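J.: Let's see this in three dimensions:
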Amino acid sequence: MAAAWVLVLVTAMLALARAGPVPTSKPTMTEKGCHMGWFQPLSPRELEGFKKAKDALEESLLLKNWSCSSRLFPRTRDLTQLQVWERPVALEAELDLTLRVLGAAADSSLGVVLDQPLRTLRHIHSKLQACVPAQPTAGPRPSGRLHHWLHRLQEATRKESQGCLEASVTFNLFRLLVRDLRSVASGDLPT
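T.: As a prediction, this is how the structure comes out:
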């Protein structure tokens, strides 16, 4: 059964690695030609687009009355605390929420500034979906951390206001792009 999960992980990382916005100069290769570092780093142009979007979102949040009942993305949350095969699952859920929230914000006057970041996020998300293993009937079970994280995201989408979700996603954007994406792409176990 462990061999099956290794195969699922390698397949998932193949899909993730092949589909990044900017390849690294010397990608890490696995036996199946997987480019593990494909998503790191984003180009300076892409990062600048995300910075402009984040600044515009923060400006729009100043005009809204928003509050959150809980911290959706706590500072202590770190994908490296998850098992390697769980990281793409957590990141895919995080990206899905981010796309839904920013997509709704793009329908407002922020559409122009969010266009390029949303295209990049959709591209990453579409490639990451292939990395998420199907729910196994046997084999490793998700850790309590992953279950808690996924449950927290689901609850927030039901309970929190759109303003709270926008604020949470905005303030988490660069952590998602830098730390969380690198954690999934590297596949390294926490030290």
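
J.: all helices of this protein, in order?
T.: According to DSSP state H, the chain carries its helices in the segments 2-18, 44-62, 87-106, 111-129, 144-159, 162-175, 181-186.

J.: Tell me which of those helices approaches C68 most closely.
T.: Distances from C68 to each of the helices of the chain were compared using Cβ to Cβ; the shortest belongs to helix 162-175, at 4.0 Å. For glycine as for every other residue, the C-beta is placed from the backbone atoms N, C-alpha and C.

J.: Point out where this structure drops to low pLDDT.
T.: Along the chain, segments meeting pLDDT under 70 span 1-41, 133-142, 187-191.

J.: change it to 80
T.: Counting by pLDDT under 80, the chain contains low-confidence residues at 1-42, 65-66, 69-70, 75, 106-109, 127, 130-143, 186-191.

J.: before we move on, back to that, I'd like to know which of the helices of the chain is closest to Q81.
T.: Comparing these against Q81 with Cβ to Cβ, the closest turns out to be helix 144-159 (5.9 Å).

J.: quick check, distance from the closest one to the centre of its chain.
T.: Average the C-alpha atoms of helix 144-159, do the same for its chain, and the two points are 14 Å apart (Cα atoms, centre = their mean, to the nearest Å).

J.: Which neighbouring elements make contact with that helix?
T.: With contacts taken as 3 or more Cβ pairs under 8 Å, 6 or more residues apart in numbering; DSSP states H and E, helix 144-159 sits against helix 87-106, helix 162-175.
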